[in-house]
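> give me coordinates for this.
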Amino acid sequence: MDKYERLKKIGEGSFGKAILVKSRTDSRQYVIKEIGISRMSNKERQESRKEVAVLANMSHPNIVQYKESFEESGCLYIVMAYCEGGDLFKKINNQRGTLFPEEQILDWFVQICLALKHVHDRKILHRDIKSQNIFLTKDGTIQLGDFGIARVLNSTVELARTCIGTPYYLSPEICENKPYNNKSDIWALGCVLYEMCTLKHAFEAGNMKNLVLKIIRGSYPPVSVHYSQDLRSLLAQLFKRNPRERPSVSVILDKPFLARRIHKFLSPQVTHDNRLVWQSKRPAPGPIPISPAQKITKPAAKYGVPLTVRRPSDAIRKVSDAVKKPVKLKQVRTKGNKGMYFIGYSTSMFCSYIITQYVRMLGGALVYHSDIC
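Numbering: from 1, shown residues only. Model prediction:
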């Protein structure tokens, strides 16, 4: 850390801390992710280093740029470019009810898709697409970031005791513990597009059970007719309950009303090369292969590293029957974080499982009330 001057802490979560720093070499500002690894096993440390290697190879105009990483005093430090424009979540909140023009939404959406295509083309799942992980540079360029970092602290005691976050972006197949692939990222992409159009989450509820039920049913308030039929039709496709029916990111970018915008964000040669790739990769008719459901408990899970395949069991087969059982959830505010979060105090196998699944996705650990468990 001698090469950097700490300016201020700008975030803290399941991954550790995010610190704004200034380089003593070039005087530029960067964001450093500080991740405690002292209590990790050697295997977990190696997996964490593999994640950093993946980040280092993510070179794209719409992905937050990786600078370097190093280990020091029991911590792993990942240095990334600083996006002065903040994140899309804050941008949406700052609208205070005033809808974005469609032109702005489509420009942002195309850039998000270009970033996601770069990720998916490398057989990697982001698994954490949300407006808080989409950043804007000083000139307004969209950059996708923060994939993989949350997984690093999966088994670290200090930062794995609380479920932090709200599961607005979970896909139906993850809620139901069904096999999933990159189409879950497409669902989350739809959630972000909906937010940009309405300034609200597509799926909202007062408790976890009702939220999950809404997601599984795919029921959401319609988008204003103020937006074009093309945009509203695309949103409906992204929210298809059956993942096989959702378009891939390449198919999305091939839609005429989006394709004509690509040249604004990529160089002509890159655009041409991508066109050739998209045409050669257009899926043939037939079912889309889906990866087996995975037990997300390892740091490298986010990057598609083979993990333990979840085998069917009587408990899993009974999940759908448990939906009808009464559920009690306690809503609490997590210290040091704004907003409402959920910690399950539940006797229902369904919600108990869903909350546990979500926490594992975040790289956290679920805390149950001892009197119930």
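
> mind checking how far Ile174 is from Cys113?
From Ile174 over to Cys113 the distance is 21 Å, taken as CB to CB, to the nearest Å. Placement of C-beta: from N, CA and C, glycine included.

> check Ala53 too.
25 Å.

> before we move on, what about Ser48?
29 Å.

> quick one, what contacts Lys200?
Tyr194, Pro221 (CB atoms under 8 Å, 6 or more residues apart in numbering).

> could you rerun that using 10 Å?
By CB atoms under 10 Å, 6 or more residues apart in numbering, the residues touching Lys200 are Ile92, Tyr168, Tyr194, Tyr220, Pro221.

> so it: helix, strand or coil?
Three-state assignment for Lys200 (DSSP: H, G, I helix; E, B strand; the rest coil): coil.

> all helices for this structure, in order.
42-56, 88-93, 102-120, 149-152, 172-175, 183-198, 208-217, 229-238, 249-253, 256-259, 268-280, 314-317, 319-322, 349-362 (DSSP state H).

> which parts of stretch 83-92 are buried?
Counting neighbours by 16 or more other CB atoms under 10 Å, one finds that the buried residues in stretch 83-92 are Cys83, Gly85, Asp87, Leu88, Phe89, Lys91, Ile92.

> and what of stretch 213-227?
Leu213, Lys214, Ile215, Ile216, Tyr220, Val223, Tyr227.

> among the helices of the chain, which gets the worst mean confidence?
Mean pLDDT across these is lowest at helix 149-152; the value there is a mean of 36.

> which residues sit in contact with the closest residue to Met196 other than its chain neighbours?
The shortest distance from Met196 to any non-neighbouring residue, by CB to CB, 6 or more residues apart in numbering, is to Ile105 (4.7 Å). By CB under 10 Å, 6+ apart, the contact list for Ile105 reads Leu99, Leu193, Glu195, Met196, Cys197, Tyr227, Leu231.

> and what of Asp139?
For Asp139, the contact set (CB under 10 Å, 6+ apart) comprises Glu84, Gly85.

> swap in 6 Å and give it another go.
If a contact means CB atoms under 6 Å, 6 or more residues apart in numbering, then Asp139 has no contacts.

> just give the number of residues close to the residue nearest to His201 when sequence neighbours are not counted.
Leaving aside its sequence neighbours, His201 sits nearest to Tyr168 (CB to CB, 6+ apart; 4.5 Å). When neighbours are defined as other CB atoms under 10 Å, Tyr168 has 19 of them.

> any idea how far Tyr168 is from Asp128?
The separation that Tyr168 has from Asp128, given CB to CB, amounts to 12 Å.

> start and end of stretch 233-244, how far apart?
17 Å (CA to CA, to the nearest Å).

> what sits up against that stretch?
Pro172, Glu173, Lys183, Ile186, Gly190, Leu193, Gly218, Arg246, Pro247, Ile288.

> turn those residues into CSV, including distance to Ile32.
Converted to CSV, the contacts of stretch 233-244 look like this (distance: CB to CB, whole Å):
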residue, distance to Ile32
Pro172, 37
Glu173, 35
Lys183, 33
Ile186, 31
Gly190, 32
Leu193, 31
Gly218, 40
Arg246, 36
Pro247, 37
Ile288, 39
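
> closest to Thr141 among those?
Closest approach to Thr141 among the contacts of stretch 233-244 (CB to CB): Leu193, at 18.1 Å.

> where's the closest one relative to Asn93, distance?
Distance check for Leu193 against Asn93: by CB to CB, it reads 17 Å.

> more crowded one of these two?
Leu193 (24 against 11).

> shouldn't Tyr169 be in contact with Ser131?
No: with contacts counted by CB atoms under 6 Å, Tyr169 stays clear of Ser131, the gap being 9.0 Å.

> got the contact list for Ile215?
Leu170, Pro172, Cys175, Phe203.

> let me know the closest of the residues you listed to Val64.
Among the contacts of Ile215, and counting by CB to CB, the member closest to Val64 is Leu170, at 23.4 Å.

> nearest residue to the closest one other than its sequence neighbours?
Leu170 sits nearest to Ile215 (CB to CB, 6+ apart), 5.9 Å away.

> quick one, longest strand in this structure?
strand 4-13 (DSSP state E).

> show me what that strand is packed up against.
strand 16-23 (3 or more CB pairs under 6 Å, 6 or more residues apart in numbering; DSSP states H and E).

> for the strand it packs on, buried residues please.
Those would be Gly16, Lys17, Ala18, Ile19, Leu20, Val21, for strand 16-23 by 16+ other CB under 10 Å.

> likewise for stretch 19-37?
Buried residues in stretch 19-37 (16+ other CB under 10 Å): Ile19, Leu20, Val21, Tyr30, Val31, Ile32, Lys33, Glu34, Ile35, Gly36, Ile37.

> what's near enough to touch the nearest residue to the second one once chain neighbours are set aside?
Counting by CB to CB, 6+ apart, Leu7 is the residue found nearest to Leu20 once chain neighbours are left out, at 4.5 Å. The contact partners of Leu7, by CB under 6 Å, 6+ apart, come to Leu20, Val21, Lys22.

> switch to 8 Å and redo it
Ile19, Leu20, Val21, Lys22, Gln29 are the contacts of Leu7 under CB under 8 Å, 6+ apart.
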